[in-house]
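Undergrad: Structure here, sequence nowhere to be found:
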């Protein structure tokens, strides 16, 4: 496929290159309507903004930003360490900005970066993010961006992910092999790439092993701990209580253990439990926790290395650099 | 005590006010010798730079920075949430910068902030930090700073801490009451205010209860996990093995549990263990962990509230606003 440049885009839209450029820069001279038309067409044609097109501001902040939902999850704190290990070598500072899983926060954070405050961005999208205009805007402003872990598929840049589908499959297959025939799935968002791929792996494993699939057993957890406690308790005391659970995010561990204890359910005898988790304490929990452990440090390191390559070489094409780094399955006491 | 202003400082040093100001701004026009003389005298006379003295740059970045050693510790991730809860209301962005416990990193991060990149700083110093020139420099440049948790006593600004001495005392007293007569102490740094105060509480409790104090039982853990594993194993397999341990930082939990397991020591029968920790998993560990739990969210919230007050009111005196917020002692299975 031919690469679309800004001239092609201008021709397609019957607008001048200057107008397109102003639209990407979110200029007040351009109407919202036109901006939206430009962004939609850019998306449709798979236009990759050239970060070096806007040379005005230079590239001298010596800062990169990491935009992530939270730091309480060990995945992110380990990924930050991987990112900083590269940035330090390059003499760059790392600014960490948290979206707290809010799309609105994510938008205002990226808007801030248009002023040349940072030279590049590493990002894992919020659970609410399903649109991409704010990201295309930033890239159109000459700030390169690399995704890690949680990505937006439609944006053409490097995406460093782990094998979410295979891991979801492996976790579910393991529970089936341990005798579970009614397996619950705790997701985090219907928008999120990682949650959906893990869910697809789960569904494929159920199908391959002829285990009944029941959409009632799929819970979309929220960003509110109290609400999650209620959802998990409801699942575990309902008439159709699962005997196995796959959870897609580390913070669901404590609620599942505590609800099981409160309801007199023994893990693993009554309920087998696998969690996607980088928790350091997984091995000393009661019982120790079977995990899908993501290569967090490595993912951060690869994402940062690619970002710096694109900062150093004008012709480096980030969109050809996506990588999938496999997770590790670690069997422990919560399933055996 | 009379407040020292920049004129008093100039008189004392026999320098012009302009020279002093340039020294605080780290100007290339001023020799290193003079800068050092100015900073030393400022410290000795307890000079508090007036953040509003330098009005040149204005106060319009709408960013505050949080400078902390790491985010892997739950204390810091909870404190960040407290800080962001205030910043969001004020329409401010929070930039998080990690020192990774390095004094050099801390210095370069603060230097970055002198250009007006942030309007104020919330800070917990690194384990290596014992000097204050980099902080005085920043404050002299008109950027107000509030400490939380780990502070430098000699700097005259608001310090939001917890009752480290009392908590160290309480943890130790509890172990003594549970029958321990040989109690180890795992510290993190001889420079750090929090580690020293917790140690003093430990020593006072031993003294009050006439339990033998043995400096061999005080271990200063490092920033290197492998090295910490070795130190903890040595302590637990030495001839003078403690039957109780107070640890001052959350990340020592897993190494203590794993070393005990490897050496065939049962917690709590052979070894009772209390840890300063905000770990969410404390209650589901094997055994559940007795903790001193810090008011992390609240400390972050108070520190941020004070910082914004000083940004909003020119005459707000941060140095009169220090607060001590008590920690909670939570007894669980690792000591009973």
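TA: On my side now, so go ahead. Predicted model, so just to flag it, every value in this text is computed and none were measured.

Undergrad: and residue A:228, what are its phi and psi?
TA: For residue A:228, the backbone dihedrals (degrees, to the nearest 10) come out as phi -60, psi -40.

Undergrad: er, residue A:15 I mean
TA: Per degrees, to the nearest 10, the backbone of residue A:15 is at phi -130, psi 170.

Undergrad: my guess is it meets residue A:35, correct?
TA: No - assessed by C-beta atoms under 8 Å, residue A:15 is found out of contact with residue A:35, at 11.0 Å. Using the backbone N, CA and C atoms, a C-beta is placed for each residue, glycine as well.

Undergrad: who's in contact with the residue in the stretch 151-300 of chain A positioned nearest to chain B?
TA: For the stretch 151-300 of chain A, the residue closest to chain B is residue A:286, as judged by C-beta to the nearest C-beta, at 3.4 Å. Neighbouring residues of residue A:286 by C-beta atoms under 8 Å, 6 or more residues apart in numbering or on different chains: A:257, B:284-288.

Undergrad: Now with 6 Å, please.
TA: Neighbour list for residue A:286: B:284, B:286 [criterion: C-beta atoms under 6 Å, 6 or more residues apart in numbering or on different chains].

Undergrad: again, but for the one 10 residues further on
TA: If a contact means C-beta under 6 Å, 6+ apart, then residue A:296 has A:75, A:78-79, A:278 as its contacts.

Undergrad: secondary structure class for the closest residue to it other than its chain neighbours?
TA: Distance criterion C-beta to C-beta, 6 or more residues apart in numbering or on different chains; nearest residue to residue A:296, sequence neighbours excluded, is residue A:78 at 3.6 Å. Local secondary structure at residue A:78 is given as helix here, using DSSP: H, G, I helix; E, B strand; the rest coil.

Undergrad: Likewise for residue A:94?
TA: strand.

Undergrad: right, and it touches residue A:88 too?
TA: No - here residue A:94 does not reach residue A:88: they are 8.4 Å apart, not a contact under C-beta atoms under 6 Å.

Undergrad: out of the two, which sits in the busier spot?
TA: Comparing residue A:94 with residue A:88 by other C-beta atoms under 10 Å in any protein chain shown, the one with more neighbours is residue A:94, at 22 against 16.

Undergrad: what's the spacing between that one and residue B:173?
TA: 42 Å (C-beta to C-beta, to the nearest Å).

Undergrad: do residue A:336 as well
TA: Taking C-beta to C-beta as the measure, residue A:336 falls 41 Å from residue B:173.

Undergrad: ok, the two, which is more surrounded?
TA: Using other C-beta under 10 Å, the more surrounded residue of residue A:336 and residue B:173 is residue B:173, with 19 against 12.

Undergrad: Next up, the contacts around the more buried one.
TA: Going by C-beta under 6 Å, 6+ apart, the list of residues near residue B:173 reads residue B:205.

Undergrad: Up against chain B, what does chain A have?
TA: Residues of chain A found near chain B (C-beta under 6 Å from any C-beta of the partner chain) are A:71-72, A:77, A:93, A:95-96, A:112, A:254, A:257, A:280-281, A:284-286.

Undergrad: Strands - which of those residues land there?
TA: Those of those mapping onto strands are A:93, A:95-96, per DSSP state E.

Undergrad: what sits up against stretch A:226-234?
TA: With contacts defined as C-beta under 6 Å, 6+ apart, stretch A:226-234 is touched by A:219, A:221, A:255-256, A:259.

Undergrad: how about it: buried residues?
TA: The neighbour-count check on stretch A:226-234 (16 or more other C-beta atoms under 10 Å in any protein chain shown) flags A:228-229, A:231-233 as buried.

Undergrad: For the residue of the stretch 151-300 of chain A closest to chain B, grab phi and psi.
TA: In terms of degrees, to the nearest 10, the main-chain angles of residue A:286 are phi -120, psi 100.

Undergrad: Thank you, goodbye.
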